[in-house]
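J.: Need coordinates for the following:
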Amino acid sequence: MERYWQIEKVNLKHNIPLHAAVCLLVLLVSPLLLGVENLGEQDSAKVLEIYVALIGIVLIPPVFLPEQDHDIRDLVFTKYIDSRIVYLIRLVGNLLLLALMLGIYIGMLRHNECEFPAGKYFCGTLAEMLFLGGLGLFFYGLSDNLVIGYMVPIVYYITAFGSGSKYLQMFYPFSMARGSYHEKVWLLAAGALLVSAGIWIRCKKR
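T.: Numbering: from 1, shown residues only. Here you go, the predicted structure:
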């Protein structure tokens, strides 16, 4: 257990701080860009789905970032701990950090007298974060290029605005604002699949 914690400590010290700072900045400036007081269910869903969920794109794809240095990649693949375990530990740590930030943000919305089902919206937004971040992680693993890992989910996000639910259907990311929740189950399943596939591809490309 100690060696697993050491992996996460290195991740928190060297890999996460910059990305976490960007996420915090995005959340902290939201009161300047959006109304975050006395919102109803629909408007609260819009804030969470259209704005807050974006931090999933920032924090999940960099799971592979340390191995962008090929010397570090060779070291990871020659150690006695399976590289898949290394990636999973980083991923879980990043997801927990996302969940913590989201939980604090939802607490802030409730403190500002926004009315919405907090638990339901927490899970739905986290599912969207996993999907958008998983999309980036998959294409980062496929291309070995972090820029592509960021661009693909951003293009998907923009497409969701352009075509709405007509073309994306079960994978439409802004469904809670329309009063529909079952799309989040599909996003959760797809996000988990994309993350798994991304890690598998990355390990195969050693």
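
J.: drop to CA atoms for contacts and neighbour counts, all remaining ones
T.: Will do.

J.: Now do the contacts for the one residue sitting closest to the centre of the chain.
T.: The residue lying closest to the centre of the chain (CA atoms, centre = their mean) is residue 56, at 2.2 Å. Taking CA atoms under 8 Å, 6 or more residues apart in numbering, we find residue 56 in contact with 98, 128, 129, 130, 132, 133.

J.: Let me see the confidence value for it.
T.: Note on residue 56: pLDDT of 95.

J.: any idea how far it is from residue 92?
T.: From residue 56 across to residue 92, the span is 13 Å (CA to CA, to the nearest Å).

J.: just residue 42 next, same as before
T.: 30 Å.

J.: Please pull up the helix or strand immediately following the longest helix along the chain.
T.: When the chain is parsed with DSSP state H, its longest helix is helix 83-111. Going down the chain from helix 83-111, the next helix or strand is helix 118-143, by DSSP states H and E.

J.: Run through the neighbouring helices and strands of the next helix-or-strand element following that next one.
T.: Using DSSP H and E, the helix or strand that follows helix 118-143 towards the C-terminus is helix 146-163. If you count contacts as 3 or more CA pairs under 8 Å, 6 or more residues apart in numbering; DSSP states H and E, helix 146-163 packs onto helix 55-59, helix 118-143.

J.: What are the buried residues along helix 146-163?
T.: Of the residues in helix 146-163, 146, 148, 149, 150, 151, 152, 153, 154, 156, 157, 160 count as buried by neighbour count, 16 or more other CA atoms under 10 Å.

J.: thought the last one was touching residue 171?
T.: No - using CA atoms under 8 Å, residue 160 and residue 171 do not qualify as a contacting pair, with a distance of 9.2 Å.
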